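[1] The sequence and its predicted three-dimensional model are supplied below.
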Amino acid sequence: MSIEIETELQTAVDKRRNFAIISHPDAGKTTLTEKLLLYGGAIQEAGAVKAKRAQRHATSDWMEMEQQRGISITSTVLQFEYQNCQINLLDTPGHQDFSEDTYRTLAAADNAVMLEDAAKGLEPQTRKLFEVCKMRKLPIFTFINKMDRPGREPLELLDEIEQELGLKTYPVNWPIGMGDRFKGVFDRRKKQIHLFERSIHGSKTATNTVVNLGDPQIEELLEEDLYYQLKEDIELLDELGEELDLEKIHNGEMTPVFFGSAMTNFGVQLFLDAFLEYALKPGTHKSTVGEISPTYENFTGFVFKLQANMDPKHRDRVAFIRVCTGKFEKDMTVSHARTGKTVRLSRPQKLFAQDRESIDDAYPGDIIGLNNPGVFAIGDTIYNGKKLEYEGIPCFSPEIFAYLRNPNPSKFKQFRKGVNELREEGAVQIMYSADETKRDPILAAVGQLQMEVVQFRLQNEYGVETRLEMLPFSVARWVDGGWEILEKVGRLFNTVAVKDSWGRPVLLFRNEWNCQQVESEHSELKLNNTAPVVSGQEPESL
């Protein structure tokens, strides 16, 4: 490889940071996303999520259903420049029903930002997503939001993270007051107090007064009790708290913690500044030929998400590709690892929620959108040079199951096309009855809203009305060893065997207890709560 190419790649990698935000619904994720864009100069004014008539829709939510409900349903990618760095923000759904899409997005992220509500602390959805980050050893940054409302004591929130997630914490900044008396934060990196003034609905960047600790001017700016409390807290943290350890942060063992309020913009810029300094740059990826460095000269990448009909006027399908190595160039020809075909990558786009911009090149850590004429599936690797394949992306255990009925036989073609395309996109998992006479697909989802979205989109995009017939199961497990093992075991009570899109057996149980009972009675049965990763094999179509 020439020194110029190596230098170009290294410079690009050094400038890039990417992250996904994980949170429970209503922790303020879309608001924080908007404010990061505001500080990154990508938008001039932030729009509130629960769209009041006079306010704009949130820039990052584009699907009609999201705007109706004020929630994020699909993951989008937002790119912006900040302090000469290129930041890729993978916006993940926060709604509890949408973890499957979120899990996949985490496969493309180098860092995760865990967002907590100061009043609620750790919540179920955050814990679930934390487990996925832990599995992938992602560095985790914690932003404790809504400090402008009554909440729990900051030390109590830190203690909860340490006790329940087993993560060491290092507060990078510390709040001054809380609720109505939330005045700002103390930045421990620079030993400075940042006092903020609120702006209308937080739609513009906050006015910030910066004072050094010990400056006599503080006495006039800050109430005495808040100042003394801050000094006490800082002494306590300096004496008893952990030291900042970048290696532990990068291994996912320590989390830098930030306090703030996304709604009023308090602390958002401080978070962004520290994130650029502490976050992991794009790193190596595991492949069939070993670990591959981002500065490897040939272009490689993998598909982590497919989205149909982002632009309702043109029934398009977009494949989201994480660039892993080398330089991507417009109109380049690549090999497709699963099918062995050669694909020309035309019309690459830089994505910014619904807005697209054509791009000529991209580097490791970037996310590009490619027009997908039915070539790509989730987890596919594309490459130049020596053949390699990256690790696939697992399917996680669904919790809701229903037969999807098409009451109008004359619409079967549209029904089949819609189901196949939505499955390809990963909107929902599709399973089938082991009984060949029952051909209606079984929708398997992590939550109810996913089912509603599938029905909504079949109606809106494919003109097909459907009915759901719920099934009484809440746990799915893939069987190690396939159908042969199941035949040996014989009949299982309160359990049904179905097959996934790759024809593999999946056992559906009524509840966890039911599942554990079967496992304890049949020690020869090995059950997995994630699907085995497939490569080089086409799924069954309806």
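    All right, it came through fine.

[2] Spit out the contact partners of the closest residue in space to Glu243 that isn't next to it in sequence.
    Leaving aside its sequence neighbours, Glu243 sits nearest to Tyr170 (C-beta to C-beta, 6 or more residues apart in numbering; 7.6 Å). For every residue, glycine as well, the C-beta is placed using N, CA and C. Contacts of Tyr170 were listed using C-beta atoms under 8 Å, 6 or more residues apart in numbering, and they are Gly241, Glu242, Glu243, Leu244, Asp245, Ile249, Met254, Thr255, Pro256, Val257.

[3] element containing the residue lying closest to Gly392 once chain neighbours are set aside?
    In this structure, Gly392 finds its nearest non-sequential neighbour in Val533, 3.4 Å apart by C-beta to C-beta, 6+ apart. In the assignment (DSSP states H and E), Val533 maps to no helix and no strand.

[4] Go through the contacts of Tyr170 and flag which are in strands.
    Met254, Thr255, Pro256, Val257 (DSSP state E).

[5] Looking at these, which is nearest Asp273?
    Asp273 lies nearest to Pro256 out of the ones in strands among the contacts of Tyr170, by C-beta to C-beta, at 11.8 Å.

[6] Now do the same contact list for the closest one.
    Phe141, Thr142, Tyr170, Pro171, Val172, Leu244, Ile249, Ala274, Tyr278.

[7] so Ala402 sits right up against Asp440, yeah?
    No. If you go by C-beta atoms under 8 Å, Ala402 and Asp440 don't touch, sitting 9.9 Å apart.

[8] Please, which helix or strand holds the residue lying farthest from the centre of the chain?
    In the chain, Pro216 marks the outermost C-alpha relative to the chain mean, sitting 44.9 Å out by C-alpha atoms, centre = their mean. For Pro216, there is no enclosing helix or strand under DSSP H and E.

[9] So what does it look like in phi/psi?
    For Pro216, the backbone dihedrals are phi -60, psi -20 (criterion: degrees, to the nearest 10).

[10] Quick check, pLDDT for it.
    pLDDT for Pro216: 85.

[11] And Glu220, by the same measure?
    At Glu220, the pLDDT value in this model is 84.

[12] contacts for the host helix or strand of it?
    Secondary structure from DSSP H and E places Glu220 in helix 218-221. With C-beta under 8 Å, 6+ apart as the test, helix 218-221 has contacts from Ile193, Leu195, Thr209, Val211, Tyr227.

[13] Are we agreed that the last one is in a helix?
    Yes. According to DSSP: H, G, I helix; E, B strand; the rest coil, Tyr227 belongs to a helix.

[14] returning to what we had before: in CSV, list the contacts of Pro256 along with distance to Gln125, secondary structure and pLDDT.
    CSV is the format used below for the contacts of Pro256 (distance: C-beta to C-beta, whole Å; DSSP: H, G, I helix; E, B strand; the rest coil; pLDDT from 0 to 100):
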residue, distance to Gln125, secondary structure, pLDDT
Phe141, 18, strand, 98
Thr142, 15, strand, 98
Tyr170, 24, strand, 98
Pro171, 23, strand, 98
Val172, 24, coil, 97
Leu244, 28, coil, 96
Ile249, 23, helix, 97
Ala274, 25, helix, 96
Tyr278, 25, helix, 97
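
[15] Show the pLDDT at the closest residue to Phe304 other than its chain neighbours.
    Take Phe304 and drop its neighbours on the chain: the residue closest to it by C-beta to C-beta, 6+ apart is Ala108, 4.2 Å away. Model confidence at Ala108, given as pLDDT, is 91.

[16] now Pro394
    75.

[17] quick one: the strands in the stretch 1-150 of the chain?
    16-23, 76-82, 85-91, 111-117, 140-145 (DSSP state E, counting those that start in this stretch).

[18] tell me, which of these is the model least confident about?
    Taking the mean pLDDT of those, strand 76-82 comes last: a mean of 80.

[19] what inclination does it have with respect to strand 85-91?
    Put simply, strand 76-82 runs at 160 degrees to strand 85-91, going by axes from the mean of the first three to the mean of the last three C-alpha atoms, to 10 degrees.

[20] So which elements touch strand 76-82?
    Here strand 76-82 touches helix 29-39, strand 85-91, strand 349-352, strand 367-371, going by 3 or more C-beta pairs under 8 Å, 6 or more residues apart in numbering; DSSP states H and E.

[21] Adding distance to Val446 and mean neighbour count as columns, could you present the ones you listed in CSV?
    Shown next, in CSV, are these (distance: least, C-beta to C-beta, whole Å; neighbours: other C-beta atoms under 10 Å):
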stretch, distance to Val446, mean neighbour count
helix 29-39, 17, 26
strand 85-91, 18, 23
strand 349-352, 24, 18
strand 367-371, 23, 22
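
[22] Strands along the stretch 401-542 of the chain, start to end?
    Counting by DSSP E, counting those that start in this stretch, the strands of the stretch 401-542 of the chain are 429-433, 442-445, 467-470, 475-479, 495-500, 505-509, 527-528.

[23] So which of those strands is nearest Gln455?
    Of all the strands of the stretch 401-542 of the chain, it is strand 467-470 that lies closest to Gln455, at 6.9 Å by C-beta to C-beta.

[24] just for this protein, where's the confidence low?
    Filtered on pLDDT under 70, the chain yields the residue ranges 1, 42-76, 92-100, 199-203, 308-316, 348-358, 534-538.

[25] contacting residues around the closest residue in space to Ile430 that isn't next to it in sequence?
    Distances taken as C-beta to C-beta, 6+ apart place Arg423 nearest to Ile430, at 4.5 Å, with adjacent residues excluded. Contacts for Arg423 were tallied using C-beta under 8 Å, 6+ apart; they are Gln429, Ile430, Ser501, Pro539.
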